[in-house]
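> Fold the stuff below for me.
(one chain, ligands or ions: 1)
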Amino acid sequence: MSRKRILVVEDNEDNRRILLYRLRKIGDFDIVETENGAEAVAAVESNPPDLIFMDLKMPVMDGWEATRRIRALDAGRSIPIIALTAQAMAGDEQKALANGCNDYLAKPVVDPSLVREKIERLLGTATRH
Ligand SMILES: [Mg+2]
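Alright, predicted model coming up:
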């Protein structure tokens, strides 16, 4: 079985590092990092990932717009997207689900079992335990 490619879209370096640390503990993924929505859309166009973690508030292009554009691509229509939500932004969870995301995760991402559960559900594959 080939390695699953995960696209991480997050402008905050600390949050990105924490999530990457979790992902590397969970499985042997091919991880691609981008810092804004425009880079994310380009990454999906050039080499579609199996799963996307999408921050919502970012410079250049935010996660809402990036999700909309990814969903409009043939390559991006069915890629699972997990929104990364900030605790201060109440209501973003439901808004994300209503706007093309499959799931959401509150930042900072500190609970590895929660990340594992969401990845297993959305990728349909077992991870390293
Ligand atoms: Mg951000």
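> Get me the contact residues on this protein for the ion.
Residues of the chain lying near the ion by CB under 5 Å from the ion: 11, 55, 57-58. C-betas here are computed from N, CA, C, even on glycine.
> Widest-spaced pair of those residues?
Spatial extent of these (CB to CB) is set by the pair Asp11 and Lys57 at 7.8 Å.
> which strands and helices sit next to the helix ranked longest in the chain?
When the chain is parsed with DSSP state H, its longest helix is helix 13-26. In terms of contacts (3 or more CB pairs under 8 Å, 6 or more residues apart in numbering; DSSP states H and E), helix 13-26 is packed against strand 5-9, strand 30-34, helix 112-123.
> most packed of the ones you listed?
Highest mean neighbour count among the helices and strands packed on helix 13-26 (mean count of other CB atoms under 10 Å): strand 5-9, with a mean of 24.
> helices or strands up against it?
helix 13-26, strand 30-34, helix 37-46, strand 51-55.
> Tell me which of those is the most buried.
strand 51-55 (a mean of 27).
> Next secondary structure after that strand?
Using DSSP states H and E, the next helix or strand after strand 51-55 towards the C-terminus is helix 63-71.
> what stretches of the protein score poorly on pLDDT?
Scanning the chain for pLDDT under 70 picks out 1, 126-129.
> can we see that at 90?
Scanning the chain for pLDDT under 90 picks out 1-2, 86-90, 108-112, 124-129.
> Geometric centre of it: which residue is closest?
A centroid search over the chain (CA atoms, centre = their mean) returns Phe53, at 0.7 Å, as the residue closest to the centre.
> residues in contact with that one?
Contact partners of Phe53, counting by CB atoms under 8 Å, 6 or more residues apart in numbering, are 6-10, 19, 81-82, 84, 105.
> let's see it at 7 Å
Residues near Phe53 by CB atoms under 7 Å, 6 or more residues apart in numbering: 6, 8-9, 19, 82, 84.
> ok, those residues vs Asp30, which is closest?
Closest to Asp30, out of all of those and judged by CB to CB, is Ile6, at 7.1 Å.
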